[in-house]
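Q: From the sequence below, what's the structure:
(one chain, ligands or ions: 1)
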Amino acid sequence: MCGIIGIASNKPVSINIINSLKKLEYRGYDSAGLATLNQNEINEKKCSGRVEELEKILFKNPSDGNLGIGHVRWATHGIPNQINAHPHSSEIVSVVHNGIIENSDELKKNLELKGSKFKSQTDTEVITLLITDELKKNNPVKSVFNTLKQLKGSFALGIIFKSYQNIIIGARRGSPLAVGYSKDENYLGSDSYALKSMTNKISYLDDGDLCVLSKDKIDFYNNEEKKINKKVYTLSDDENISDKGDYKNFMSKEIFEQPITAKNCINEYIDSLKKDINIYNFPVKPEDMNKIVLIGCGTAFHSCLIAKYWFEELTNIEVEIDIASEFRYRKLKFNSKNLYIFVSQSGETADTAAALDICKKNNMKTCSIVNAVESTIARNSDWVLPIHAGPEIGVASTKAFLGQMIVLFILSLKLAKIRKDIDLPSYDKHIKNLKVLPIAIEKCLKTENKVQSMAKEFLDAKGSMFLGRGLSYPIALEGALKLKELSYLHAEGYPAGEMKHGPLALIEEGLPVIVIAPKDKYFEKTLSNMQEVIARGGKILFISDHKKELIDENIRFSIKVPSLDKLLSPILLTVPIQLLAYHVAILKNCDIDKPRNLAKSVTVE
Ligand code: AGP
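A: Take a look at the predicted model:
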């Protein structure tokens, strides 16, 4: 995680560094800092906490200079205080770093033996001191290359030098890094989003690349230290929509945007005239496909889990799912007729990107379902299916999850059709249902007032439990994850049928239990599991597409979502569980867009 920015210009850069850091705060918000070069001096300022704090420091004591680097931190080595904040500077060099240096302890010992003194507890400071040492005998580019050879782990770096006033060096291994081009100004950034307000012309560094930026040119080198050229991408305009408008926070904006997210995504993939799905060029011939393997982390993994039910229901293809951080270390059996699908909002999640690399190294065909189409995962996949949700800024994933589910459902439907695993009338019916899905999502948002009242039930709760079966089981997991990350309340998600195998022991008088039960083939079974909870004093909050009258009087609250095709129910049931987590967090006065200890883009292992 962590966010890096660098600007080389012909005018002062500190204000633009601050503005870019604000955009990068989704990557980490434990501390912030910047270093500019002015009159042969490195001018470093840093603080614990948010970019706002750094801005206040600069307001009192401005940093001049036409060249500088900035950083927002998500702490890995060392507590989030001012000393551990980046940049880490010596007399002659200043470094910002995203990633982890795995051999930092060993490097630190060697440097200490040579007399180096460390100020911080970070792994980053070894980079500063190694480059400082190298600069005694080499130019900046050679010094950085020599330093990179000694580092193990994954990283992106931004480096400035006291004696080389006009350059910033960037380097990448594992963690993402982009550069941006403008007139009399060039940029370095952890992602293109941070650079968008300044330019729409972007290049991306690949693993092992190094770049040297000055205000009027950027040179690139590969890991063999040879000069290379880079493709320049033009960013699309729609990706610039990243304002929260009248909403209190990005998360509420993103929840309420979901009818539009769904509409955009469906319009991209459904050809209304032909009543067909616009997905072509499968990297593995659908008729010959042996297995689909779906891989992701966190919320993205939950969409993989839902998709498993859809692929199994609609097609005859075998389906496997895996959490990326587990997949990447397992002893895997590859088959060239398998399709490996990677699901990621950011397209930068380190574990998912590493899992993709493993598949590529084994010559497997890969597909990514991403929101950020210029991301590492998208660029490295054979086939990309974007979700077209627009930038998602809130750390808690909402509209991207919805988009992932829609694309996965559409993909399963298209595969079923090509393979003739589904009859045409059923296929047409599903397409019709998809077209009314945005209106149904709109109706789900109308449950907000009721959900708000329901949220009060969590204020004195020790914990909570989310239960569902079948397609509602992943939604139970997602409900628990959303509540944990936003309100810091302990929550468990379980398949309702598993309760009696252990978790039932947690039920006590008044424990909030959210039962997610659409009227599908599991409905009656879920109601029985609910009775077992009621019998032990659990307080039931019921979410269904079924009429309230039929439900038990012991239910404290019930929320009804519209009834559409059963296969689409997880998409609709997701909305109230997002609203629930949101309102519990509001009542507990939590930071909605930046929950504690988390970051939006998880670019470390
Ligand atoms: C969701 O609310 C989380 N913040 C998190 O689980 C997220 O989904 C996960 O880190 C994966 O991110 P990605 O979709 O960008 O790969």
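
Q: Now whichever residue of the chain sits closest to the ligand: closest residue in space that isn't a chain neighbour?
A: Across the chain, no residue is closer to the ligand than Gly298, which sits at 1.9 Å (Cβ to the nearest ligand atom). From N, CA and C alone the C-beta is placed, and that goes for glycine too. Nearest non-adjacent residue to Gly298, counting by Cβ to Cβ, 6 or more residues apart in numbering: Leu481, 6.7 Å away.

Q: Quick one: the helices in the stretch 251-400 of the chain, in order.
A: With DSSP state H, counting those that start in this stretch as the criterion, the stretch 251-400 of the chain has helices at 258-269, 298-314, 324-327, 350-361, 376-380, 399-418.

Q: So Lys443: helix, strand or coil?
A: When the structure is split into helix, strand and coil by DSSP: H, G, I helix; E, B strand; the rest coil, Lys443 lands in helix.

Q: Ignore what I typed, I meant Ser94.
A: Applying three-state DSSP to Ser94 yields a three-state assignment of strand.

Q: ok so, going back, count the neighbours of the residue nearest to Gly298 for me.
A: Other residues near Leu481 number 21, with proximity taken as other Cβ atoms under 10 Å.

Q: Test for you: state the pLDDT assigned to it.
A: For Leu481, the model assigns a pLDDT of 98.

Q: wait, doesn't it sit right on Cys297?
A: No. The criterion here is Cβ atoms under 8 Å, and Leu481 misses it with Cys297 at 11.0 Å.

Q: residues near Glu312, how many?
A: Residue neighbour count, defined by other Cβ under 10 Å, stands at 14 for Glu312.

Q: tell me the contacts of it?
A: Contacts of Glu312 were listed using Cβ atoms under 8 Å, 6 or more residues apart in numbering, and they are Val319.

Q: can you check the one 10 residues further on too?
A: By Cβ under 8 Å, 6+ apart, the contact set of Asp322 is Val293, Leu294, Ile295, Cys304, Arg330, Ala355.

Q: List the contacts of the residue nearest to the second one when sequence neighbours are not counted.
A: In other words, Leu294. When the adjacent residues along the chain are set aside, Leu294 lies closest to Cys304, with 3.7 Å between them (Cβ to Cβ, 6+ apart). Residues counted as contacts of Cys304 (Cβ under 8 Å, 6+ apart) are Leu294, Ile295, Gly296, Ile321, Asp322, Ile341, Val343, Leu408.

Q: min pLDDT across the contacts of Asp322, which one?
A: Least confident of the contacts of Asp322 in the model: Arg330, at 94.

Q: and the gap between it and Glu312?
A: As defined by Cβ to Cβ, to the nearest Å, Arg330 lies at a distance of 22 Å from Glu312.

Q: Could you tell me the model confidence score at Asn240?
A: Confidence at Asn240, expressed as pLDDT, is 45.

Q: Make 329 the first number, not 1, from now on.
A: Taking 329 as the first residue, the last one we looked at is Asn568.

Q: Around the closest residue to Glu648 other than its chain neighbours, count how many other residues there are.
A: For Glu648, ignoring the flanking residues on the chain, the nearest one in space by Cβ to Cβ, 6+ apart is Val621 at 4.8 Å. Counted with other Cβ under 10 Å, the neighbours of Val621 add up to 23.

Q: Which residues of the stretch 479-628 of the chain lie near the ligand?
A: Counting by Cβ under 6 Å from any ligand atom, the stretch 479-628 of the chain comes close to the ligand at Cys625, Gly626, Thr627, Ala628.

Q: Which two of those have the greatest separation?
A: Greatest spacing in those, by Cβ to Cβ: Cys625 and Thr627 (8.2 Å).

Q: and stretch 660-677, does that touch the ligand?
A: Yes. Stretch 660-677 lies in contact with the ligand when judged by Cβ under 6 Å from any ligand atom; the contacting residues are Ser672, Gln673, Ser674, Thr677.

Q: These: which two are farthest apart?
A: For these, with distances taken as Cβ to Cβ, the pair at the greatest spread is Gln673 and Thr677 (8.3 Å).

Q: Mutual contacts of these two, please.
A: The contact lists of Gln673 and Thr677 share Ala628, where a contact means Cβ under 8 Å, 6+ apart.

Q: backbone phi and psi for Gln406, please?
A: Just so we're on the same page, residue 406 is Gly rather than Gln. Summarising the backbone geometry of Gly406 under the convention degrees, to the nearest 10, its torsions are phi 100, psi 140.

Q: Tell me if I'm right that it and Glu453 touch.
A: No. Counting by Cβ under 8 Å, Glu453 is not a contact partner of Gly406; they are 9.3 Å apart.

Q: Which one's more surrounded, the two?
A: Just comparing Gly406 and Glu453: by other Cβ under 10 Å the higher neighbour count belongs to Glu453, 29 against 16.

Q: Find me whatever residue is spatially closest to the more buried one, sequence neighbours aside.
A: With Cβ to Cβ, 6+ apart as the measure, His416 is the residue that lies nearest to Glu453, at 4.6 Å, once sequence neighbours are left out.

Q: same deal with Cys539?
A: Spatially, and ignoring its direct neighbours in sequence, Cys539 is nearest to Gly498 (4.6 Å; Cβ to Cβ, 6+ apart).

Q: Would you mind measuring from the one you found to Val423?
A: 11 Å.

Q: what is in contact with the two at once?
A: For the pair Gly498 and Val423, residues contacting each of them under the criterion Cβ under 8 Å, 6+ apart are Leu485, Gly486, Ile487.

Q: quick one: the helix or strand harbouring the second one to helix 678-689, angle?
A: Looking back up the chat, that one is Gly486. Element membership for Gly486, per DSSP states H and E: strand 481-489. Relative orientation of strand 481-489 and helix 678-689, computed by axes from the mean of the first three to the mean of the last three Cα atoms, to 10 degrees: 110 degrees.
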